[in-house]
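Q: Below are the sequence and a predicted model; questions follow.
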Amino acid sequence: MAASEENSALFPIFVLTMIALPLVPYTFVNLYLTFRKKTRNVNCQCSSCFRSGKHRKSIFKRISNFSTYSNLTVVLLWVVVALLIFYIKHINTEVQIFEPFSILGLEHGASDSEIKKAYRRLSIIYHPDKNPDPEAHKYFIDFISKAYQALTDPVSRENFEKYGHPDGRQGLQMGIALPQFLLNIDGASGGVLLLGIVGVCIILPLTIAVIYLSRSSKYTGNYVMHHTMYAYYHFMKPSLAPSKVMEVFIRAAEYMEIPVRRTDEESLQKLFVLVRSELNLDLRNIKQEQAKFWKQHPALVKSELLMQAHLTRETTALSPSLQRDLKKMIALAPRLLEELMKMAIIPRTQQGHGWLRPAIGVIELSQSILQAVPLSARKATGASSEGYGPFLQLPHFSEAVVKKIARKKVRSFQDLCEMKQQERADLLTQVAGFSPNESQDVEMVLEMMPSISVDITCETEGEEGIQEGDIVTMQAWINLHRWNNVIRAFPHSPYFPYEKEENFWLLLADSLSNDVWMSQKVNFMDEATAIVAATKAIQELKEGSGASSKEINAAVKEAIDRVKSGSRLVMGKFQAPSEGNYNLTSYCLCDSWIGCDAKANIRLKVLKRSRAGTRGIGGVDEIPSLEDGGEDEDDEGEEEYDEDYESEYSEDDEDVKGKEGKGGVANGDANVGNGSSSDGSESDEN
């Protein structure tokens, strides 16, 4: 009985130890990382972004940012630790050691007569005949009587004086630090113990497994539903025009699950009138087109109208329920657009190439959603090949403002950027009617806009020239520069209610055949990961070419310095095609800003094989061949491209025929700078 009481008393200490062992180091590590972590991003400081409240660090936002499941769990565990410490400190759970002399109030070595006198004195106080209190009776039986018996029995007293226990030498005792009611397996306590064992050992693991399997069977690793991936793969076509990408994008299963309420019909009807010009309806048969539009699945109708309302900035006409649905759609948009991009560049041909035209359309849609710019604003006009869409991403700009400054021969976004700061301020204040503060907001955003240049080379390691079947190594340095000398920053996007990182997509493509040879996503937010990746890639490249350790260390140091100064290294390999001259194009596309992309031509000359053997590439052989991919391409190859909307990267036949006369670089050495398609062509000619 005493042993079980001792084990039961130790149970709070056991629980405290098991909680504190992982909790204390985990807390200290997180605190260290929190104080050590430097500012990783710079938010836009213009008045438009400030009014949006997206970057405002209010007390409620700080609490919401802190209120993650892991942080709340840590706080709850520390509360439990504090309660256990209080319980252990203030509740008498200490096991009393059996001391006969102390119980009788005597000193060690007392005589028998003194022992008897003390026993009689305590008997008068605690004996059941003298004291009816049950606690007094229990104390008399458990302590006083046992102490008197231990000291009056010669053997017990000798054992106590020699070994410290009336029963003699004590061996090692083992116990379980559990509460007493769990150790008593009789009656209801046994049921509690059994239920606890079954719940912790069987029910809890099964529940976790069922939840995990049900979620994993429904979502991919990027938390996008499998049905969405199937729909994107099915509706993605090689001739998909950028204006048609929206129709594929809204077919996500996540959007189809958003409920369509009867109360939304009136608001959607009004919204249809506001955004009708953005729906690609044939104006010659407008009544039939409208009827056809409303006959679609209600979820598709609602999704497209809400997304067009966001692009045209007509969200004030939405009801509160529709605004909540739109906010949910926008929150899911970055993940869905990334998966849609992967479906566009996924290998579809026997050579393992993706499709260029829909990939550019996905990036343009991502830019428009982040900046809330309608797709119609990006159509080429007589004055500008890129439309007035880039102007709308600047604060306080509208179509009317663009028309005003166009009278002063500022017809393209590049013209505005190339002006001197004072001239631009005078233009905005005197012609556009901006206040000095509004003009300053424009300057802040222009200073945040990235300028991209790409240094790219394609060569065969250890060989001169590229022969058919060779493994071609592409090495590209993507260099980012801003006027405010900041590398890591969140883009200016006051109409996008969430923080969104800048991502860049590097594409090596053949615009004539619509094939994407290579693609890579690049991010400038995580410098440490970029340094590790660049170091590993440079080491492998130099070791493969037989460089010395000194040369390798110098190359690695140079790569680290370039990463810290705002560059990212992209490495890739592909197998050289058959003999011939290939006019490739490198695209560096930003998914957040309009007009900040880079493009240039690369001339790849592949010679006839003269070296013995053919070096195959494992990566190409291992590329999964998608079922019916070739048939889909053959079927769609006869389709003509949709010409209702021209991308800023689309090229007409005359430009393609004139490429051979432009300054494409042989065997893939090129320096790619910022600019649209026309700018890139002019830079190549120079």
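A: That came in fine, so what should we check first? Numbers count the residues shown, from 1 in each chain.
Q: dump the residue contacts of Leu279.
A: Phe293, Glu304, Gln308 (C-beta atoms under 8 Å, 6 or more residues apart in numbering). Glycine gets a C-beta too; all of them are placed from N, C-alpha and C.
Q: Can you tell me how far Val522 is from Pro450?
A: Separation of Val522 from Pro450 (C-beta to C-beta, to the nearest Å): 12 Å.
Q: Pick out whichever of those two has more residues nearby.
A: Comparing Val522 with Pro450 by other C-beta atoms under 10 Å, the one with more neighbours is Pro450, at 24 against 19.
Q: Backbone torsions only: list them for that one.
A: phi -80, psi 150 (degrees, to the nearest 10).
Q: Thought Phe490 was touching it, still the case?
A: No - contact criterion C-beta atoms under 8 Å: Pro450 and Phe490 do not qualify, at 11.8 Å.
Q: what comes into contact with stretch 100-120?
A: Leu122, Phe143, Ile144, Lys146, Ala147, Tyr148, Ala150, Leu151, Thr152, Phe160, Pro166.
Q: again, but for stretch 290-300
A: The contact list for stretch 290-300, computed with C-beta under 8 Å, 6+ apart, reads Ile250, Arg251, Tyr255, Met256, Glu257, Ile258, Val260, Phe272, Arg276, Leu279, Leu281, Val301.
Q: mind checking how far the closest residue in space to Tyr87 that isn't next to it in sequence is from Pro238?
A: Nearest residue to Tyr87, sequence neighbours excluded (C-beta to C-beta, 6 or more residues apart in numbering): Pro12, at 5.7 Å. Separation of Pro12 from Pro238 (C-beta to C-beta): 68 Å.
Q: With neighbour numbers in mind, choose between these two.
A: Neighbours were tallied for Pro12 and for Pro238 using other C-beta under 10 Å; the higher tally belongs to Pro238 (22 against 18).
Q: next one: phi and psi at the residue lying closest to that one once chain neighbours are set aside?
A: Nearest residue to Pro238 in three dimensions, chain neighbours excluded: Trp355, at 4.5 Å (C-beta to C-beta, 6+ apart). When read as degrees, to the nearest 10, the backbone of Trp355 gives phi -110, psi 130.
Q: Bridge partners for Trp355, pull those for me.
A: Asp515 (DSSP bridges).
Q: pretty sure it contacts Lys342?
A: No - using C-beta under 8 Å, Trp355 is not in contact with Lys342; the gap is 11.7 Å.
Q: Could you check which of the two has the larger neighbour count?
A: Using other C-beta under 10 Å as the criterion, Trp355 and Lys342 rank with Trp355 on top: 26 against 19.
Q: Filter the contacts of stretch 100-120 down to just the ones in strands.
A: Among the contacts of stretch 100-120, none falls in strands (DSSP state E).
Q: Write a PyMOL command that selects only the buried members of these.
A: Buried residues within the contacts of stretch 100-120, by 16 or more other C-beta atoms under 10 Å, are selected in PyMOL with:
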select buried, resi 122+143+144+146+147+148+150+151+160+166
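Q: Switch the contacts of stretch 100-120 over to a markdown table; also include pLDDT and distance to Gly566.
A: A markdown table is the format used below for these (pLDDT from 0 to 100; distance: C-beta to C-beta, whole Å):
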| residue | pLDDT | distance to Gly566 |
| --- | --- | --- |
| Leu122 | 83 | 86 |
| Phe143 | 81 | 79 |
| Ile144 | 82 | 84 |
| Lys146 | 80 | 82 |
| Ala147 | 80 | 82 |
| Tyr148 | 81 | 88 |
| Ala150 | 78 | 83 |
| Leu151 | 77 | 86 |
| Thr152 | 80 | 91 |
| Phe160 | 71 | 81 |
| Pro166 | 66 | 81 |
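Q: Checking my notes, Ile456 in a strand, right?
A: Yes - counting by DSSP: H, G, I helix; E, B strand; the rest coil, Ile456 is part of a strand.
Q: which residues does the residue nearest to it when sequence neighbours are not counted bridge with?
A: In this structure, Ile456 finds its nearest non-sequential neighbour in Ala476, 4.2 Å apart by C-beta to C-beta, 6+ apart. According to DSSP bridges, the residues that bridge with Ala476 are Ile456, Val570.
Q: what pLDDT does Ala476 get?
A: Note on Ala476: pLDDT of 94.
Q: same thing with Asp526?
A: pLDDT, read off for Asp526, is 87.
Q: For it, which residues are in contact?
A: Asp526 neighbours (C-beta under 8 Å, 6+ apart): none.
Q: how far away is it from Lys146?
A: Counting by C-beta to C-beta, the gap from Asp526 to Lys146 is 70 Å.
Q: Now intersect the contacts of Leu279 with the strands, please.
A: Among those, no member falls in strands (DSSP E).
Q: Keep only those of those residues that are in helices.
A: Within the contacts of Leu279, residues falling in helices by DSSP state H are Phe293, Glu304, Gln308.
Q: where does the closest residue in space to Asp415 that isn't next to it in sequence land in three-state SS?
A: Distances taken as C-beta to C-beta, 6+ apart place Lys409 nearest to Asp415, at 7.4 Å, with adjacent residues excluded. Classification of Lys409 by three-state DSSP places it in coil.
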